[in-house]
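>>> need a 3D model of the sequence below.
(one chain, ligands or ions: 1)
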Amino acid sequence: MIKPTANTTLRKIPVVLITGFLGSGKTTLLNRLLTDGVKTAVVINEFGAEPVDQDLLQRQDAPLTVLSGGCLCCQVKGALAPTLKNLRMAWDGAQDKPFARVVIETSGIASPEPILDTLLRERWLAGRYRLQAVLATLAIPTAGEHLDRFPEAAAQVAWADRLLLTHADLATAGQQAELAQRLSTLAPATPTLTLQPGADLPEWILDFDAPLLRRLPDQTPISHEFRSLSLIFSAAPAWPQLESILSSLLANHPELLRIKGVVYVAGRTEPLAIQSAGPRLYPPAVLQTRDGDDGCGRLVFITSGDVGALAAELAETFDSGARIYR
Ligand SMILES: Nc1nc2c(ncn2[C@@H]2O[C@H](COP(=O)(O)OP(=O)(O)OP(=O)(O)O)[C@@H](O)[C@H]2O)c(=O)[nH]1
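Numbering: from 1, shown residues only. Next comes the predicted model:
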């Protein structure tokens, strides 16, 4: 008689990778995904040394890991495997499973290949995780310029299973048509959806009937031209002054691609989320005060190429009102 053997097949936890260029709407998409009721462990990678995205996440009742200070595709690539191993070991050891999927939000300048390389080629991980989908966000008004200037943006489109077009409310008909034309050659077979702010996400975004055929990454070394610096406020600035300083920096520094941060301003207790993408400074969003808030505002600036001129101007403008870290 053949003895029954224990079922040694490991259950693979699905992983969703969210990619997309700086400010294209990855965290916004993540916030929307987190409302679908699936318990989710989140791994966020931020290029700047001062992590900000965790404060912009609306709800999170499962594990959250922030890998900051570099890109998952290069400087902090080595941190992904141990993070996923720790999450899996905690999952294996728990009676009540702490999460049912993992979502990784990459930094806006990460190329997805090295991350996929870790997920698909690392034997221990490949046996315990299943790549469910690569979702790429593209901001319609700026996507054309980013695809022209940055190979990372083109790689994000090339590796995507779903392309999610954002900022449609700010895009002209010409920008929409131009991007549609561009994508018809860059990614003709990739299902594409224009996300309307506030609308529900359709289920098909994560619904894959057949296993996807995936190319294995070619392991080309990445060399980024991007730099970042962080500004930590020592005192709460007045919002009108700060707004005018940031607007003038955006107008005068074409190398400045992104500003984001959480700032406490004079006269209000709740912090404000400050964001710019491309030349546009968004209206600040009021955040809830959280336990453990240190009351220190911080902004991260990401540039393409040298950050020296921007650092010098920030030092002169804020003087003793803020500290600058590169
Ligand atoms: N008007 C408009 N604003 C949007 C839309 N999607 C996102 N935003 C705003 O764009 C800014 C950047 O969005 P995020 O979701 O933080 O972008 P991100 O890709 O996570 O940014 P990084 O992680 O820094 O690369 C935020 O102020 C969002 O509220 C959209 O469809 N329309």
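
>>> list phi and psi for the nearest residue to His146 once chain neighbours are set aside.
Excluding its sequence neighbours, the residue lying closest to His146 (CB to CB, 6 or more residues apart in numbering) is Ala153, at 4.1 Å. Every C-beta, even on glycine, is put in place using the N, C-alpha and C of the backbone. With angles defined as degrees, to the nearest 10, Ala153 sits at phi -70, psi -40.

>>> check contacts around Ala153.
Phe21, Ala143, His146, Leu147 (CB atoms under 8 Å, 6 or more residues apart in numbering).

>>> same thing but 6 Å
Neighbouring residues of Ala153 by CB atoms under 6 Å, 6 or more residues apart in numbering: Phe21, His146, Leu147.

>>> and if you look at Ala236?
Tyr264, Val265, Ala266.

>>> can you redo those as a markdown table with pLDDT and neighbour count?
A markdown table is the format used below for the contacts of Ala236 (pLDDT from 0 to 100; neighbours: other CB atoms under 10 Å):
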| residue | pLDDT | neighbour count |
| --- | --- | --- |
| Tyr264 | 93 | 20 |
| Val265 | 93 | 20 |
| Ala266 | 90 | 12 |
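
>>> flag every residue of the protein that's near the ligand.
By CB under 6 Å from any ligand atom, the residues of the chain that approach the ligand are 20, 22-28, 53, 108, 137, 166-167, 169-170, 195, 197, 258, 260, 275, 277, 282.

>>> now secondary structure too, for the contacts of Ala236, in a markdown table please.
Below are the contacts of Ala236 laid out as a markdown table (DSSP: H, G, I helix; E, B strand; the rest coil):
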| residue | secondary structure |
| --- | --- |
| Tyr264 | coil |
| Val265 | coil |
| Ala266 | coil |
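
>>> SS state for the closest residue to the ligand within the stretch 201-326 of the chain?
Residue nearest to the ligand within the stretch 201-326 of the chain: Gln275 (3.6 Å; CB to the nearest ligand atom). When classified by three-state DSSP, Gln275 comes out as strand.

>>> surely it is in contact with Lys260?
Yes: the criterion here is CB atoms under 6 Å, and Gln275 meets it with Lys260 at 5.0 Å.

>>> those two - which one has more neighbours?
Higher neighbour count among Gln275 and Lys260: Lys260, with 26 against 20, using other CB atoms under 10 Å.

>>> ok, the more buried one - contacts?
Lys260 neighbours (CB under 6 Å, 6+ apart): Val52, Gln275, Val300.

>>> one more pass at 8 Å, please.
Contacts of Lys260 by CB under 8 Å, 6+ apart are Gly23, Val52, Ala273, Ile274, Gln275, Ser276, Leu299, Val300.

>>> which stretches of this protein have low pLDDT?
The model of the chain has pLDDT under 70 over residues 1-9, 58-60, 73, 75, 208-223, 291-292.

>>> which parts of it are strands?
With strands called from DSSP state E, the chain shows them at 13-20, 40-46, 64-68, 101-105, 129-139, 162-166, 192-194, 226-233, 256-263, 272-277, 280-281, 285-286, 298-304, 322-325.

>>> need these in CSV (columns: distance to Arg123).
What follows is the strands of the chain, written out as CSV (distance: least, CB to CB, whole Å):
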stretch, distance to Arg123
strand 13-20, 16
strand 40-46, 20
strand 64-68, 22
strand 101-105, 18
strand 129-139, 11
strand 162-166, 27
strand 192-194, 34
strand 226-233, 32
strand 256-263, 36
strand 272-277, 38
strand 280-281, 44
strand 285-286, 43
strand 298-304, 34
strand 322-325, 38
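
>>> now the helix ranked longest in the chain: how far from the chain's centre is it?
Assignment by DSSP state H gives helix 77-93 as the longest helix of the chain. Using CA atoms, centre = their mean, to the nearest Å, the mean C-alpha position of helix 77-93 is found 19 Å from that of the whole chain.

>>> could you check the angle strand 64-68 makes with it?
170 degrees (axes from the mean of the first three to the mean of the last three CA atoms, to 10 degrees).
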